[in-house]
Every structure is written in structure tokens, then in C-alpha cells.
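Student: Sequence isn't available, so here's the structure alone:
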């Protein structure tokens with residue numbers, strides 16, 4: 001999918017127009033993540049509880065599996081142990097949606113810099129690295145607040161997006177690529193300022209921890 005979509009973009013779309021479009025897409029993704037992170041950090045949106053979400057998903061799958069099992073003429077429950085269609089559908093949906101988001105980011109990063117192959121290679125290396133790190137320090141990683149991770153990702157996407165929109169529009173950034181960490185620092189400051197302002201000026205409603213159905 002990266003090759004099928006990314007290669008034509010690089011060859012047939014002017015690089016400046018591509019940077020504006022790609023930067024705008026990254027801005028939409030990044031600002032959406034930052035908005036949710038600010039709302040959660042200020043108490044205006046419920047925090048995710050991954051343990052609760054996992055427990056609710058398992059309970060839902062178990063109930064659907066029990067309902068899908070038929071009853072035979074002798075009153076016993078029949079169940080096809082060779083296939084779990086509900087579990088497969090849930091797993092496929094999660095992997096597909098996350099995978100499409102990764103593909104979009106890879107195409108965006110690679111196309112904007114005219115280095116699609118390098119971006120795809122970096123994404124593959126990242127998958128391998130994340131897998132290794134996950135195996136070695138899974139418990140420690142599970143203790144990192146999800147909102148912190150989403151804030152960092154939102155800052156990165158927003159910074160790259162604004163940088164490329166500016167480049168595509170003809171902006172000469174001071175220091176060229178060195179402007180990206182400066183933009184990232186700016187959005188980190190914006191995150192903390194808006195979070196503090198919302199906590200101080202807007203009373204937070206009573207919110208419960210988000211589960212799988214939220």
C-alpha cells in the first residue's frame with residue numbers, strides 16, 4: 001500500500017503541493033491527539049484505563065461466543081473450537097485501523113521529503129525495535145500513562161505538519177530542519193499552558209474512567 005500510493009504521489013504531484021497536503025493531514029492528526037490529551041490532562045475528558053478496556057472486551061467476546069454456541073437435541077452446548085470469528089473480527093479491526101494510520105504517516109513523511117523508501121525502511125525498523133523493547137520491558141512500558149504517549153505523538157505530528165505546510169507555502173524556516181525541535185518545544189509549552197488554563201478557568205465535570213464502550 002505504501003508503494004502503490006506513495007510512489008505515484010512522488011512522481012506526479014509537485015513537491016510543494018504535496019508538502020502542503022501532507023502537512024495539513026499531519027496537522028489534523030496531531031492537533032486531534034493534542035486536543036484529546038489536553039482535555040484528559042485538564043479533567044474534561046475521561047482517562048483511558050487499558051485494564052478496564054481489556055476486561056470489558058474479554059467479557060463482551062465471552063458473552064458473544066456463548067450466544068453463538070448452539071444447543072443440540074440432547075441439551076448440550078455445541079461449539080466450533082476451530083474458529084473464533086468474533087475474536088478474529090475484533091483483532092483484525094484493531095490491527096487494520098492501527099496499520100492504516102501507520103501507512104498514512106509513512107506515506108506522509110516519505111512523500112514530503114521525497115524519501116519514501118527510507119521512510120518505509122525506518123517504519124520496518126521501528127516495528128522490529130518496538131517488538132524487541134515490548135518483549136524486554138513490557139511491564140515497565142505498561143506503567144507509562146497513555147496520555148503522555150499520545151501527547152508526545154501529537155506534538156511530533158503537529159510539528160512536522162506545520163513545518164511542511166510552511167515549506168510547501170514557501171516559508172524559509174530559520175535553521176532549516178532544526179526548526180522542527182523548536183516547533184515541538186513550542187507545542188509542548190502550548191500543551192502545558194492550555195492544560196493549566198482549563199484547570200484554572202473551566203470547572204471540570206465529573207467524568208469516569210473510559211472503558212471499551214466509551
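Tutor: Structure received. Because the structure is predicted, anything quoted here is derived from the model rather than measured. Numbering: from 1, shown residues only.

Student: from memory residue 157 sits against residue 30, does it?
Tutor: Yes: Residue 157 lies in contact with residue 30 (Cβ atoms under 8 Å); the separation is 3.1 Å. (C-beta placed from N, C-alpha, C; glycine too.)

Student: between those two, who's got more neighbours?
Tutor: residue 157 (24 against 21; other Cβ atoms under 10 Å).

Student: For the more buried one, give me its contacts.
Tutor: Neighbouring residues of residue 157 by Cβ atoms under 8 Å, 6 or more residues apart in numbering: 26, 27, 29, 30, 33, 105.

Student: so the second one touches residue 161, yeah?
Tutor: Yes: proximity of residue 27 to residue 161 meets the contact threshold set by Cβ under 8 Å, at 3.6 Å.

Student: the more surrounded of those two?
Tutor: Comparing residue 27 with residue 161 by neighbour count (other Cβ under 10 Å), the higher total belongs to residue 161, at 24 against 18.

Student: So what's the residue count around the residue nearest to that one when sequence neighbours are not counted?
Tutor: Residue nearest to residue 161 in three dimensions, not counting chain neighbours: residue 26, with 3.2 Å by Cβ to Cβ, 6 or more residues apart in numbering. Neighbour count for residue 26, taken as other Cβ under 10 Å: 25.

Student: Which pLDDT value does the model give residue 26?
Tutor: On the pLDDT scale, residue 26 is placed at 85.

Student: And it, how far from residue 201?
Tutor: From residue 26 over to residue 201 the distance is 30 Å, taken as Cβ to Cβ, to the nearest Å.

Student: so which strand or helix has residue 29?
Tutor: Residue 29 is located in helix 15-41, with elements delineated by DSSP states H and E.

Student: Spell out which helix or strand contains residue 45, please.
Tutor: Judged by DSSP H and E, residue 45 forms part of no helix or strand.

Student: in stretch 160-173, what counts as buried?
Tutor: For stretch 160-173, the neighbour count (16 or more other Cβ atoms under 10 Å) marks 160, 161, 162, 163, 164, 165, 166, 167, 168 as buried.

Student: ok so, going back, buried ones in the helix holding residue 29?
Tutor: By neighbour count, and taking 16+ other Cβ under 10 Å as the criterion, the buried residues in helix 15-41 are 18-27, 29-31, 33-34, 36-41.

Student: Show me where the chain has its helices.
Tutor: Listed from the start of the chain, the chain has helices (DSSP state H) covering 2-12, 15-41, 50-68, 85-112, 116-136, 138-142, 146-168, 179-201.

Student: between the buried residues of stretch 160-173, which is nearest residue 180?
Tutor: Proximity of those to residue 180, judged by Cβ to Cβ, is greatest for residue 163, which lies at 5.3 Å.

Student: so who does the closest residue to that closest one other than its chain neighbours touch?
Tutor: Once its chain neighbours are removed from consideration, residue 163 has its nearest residue in residue 180; the separation is 5.3 Å (Cβ to Cβ, 6+ apart). Neighbour list for residue 180: 159, 160, 163 [criterion: Cβ under 8 Å, 6+ apart].
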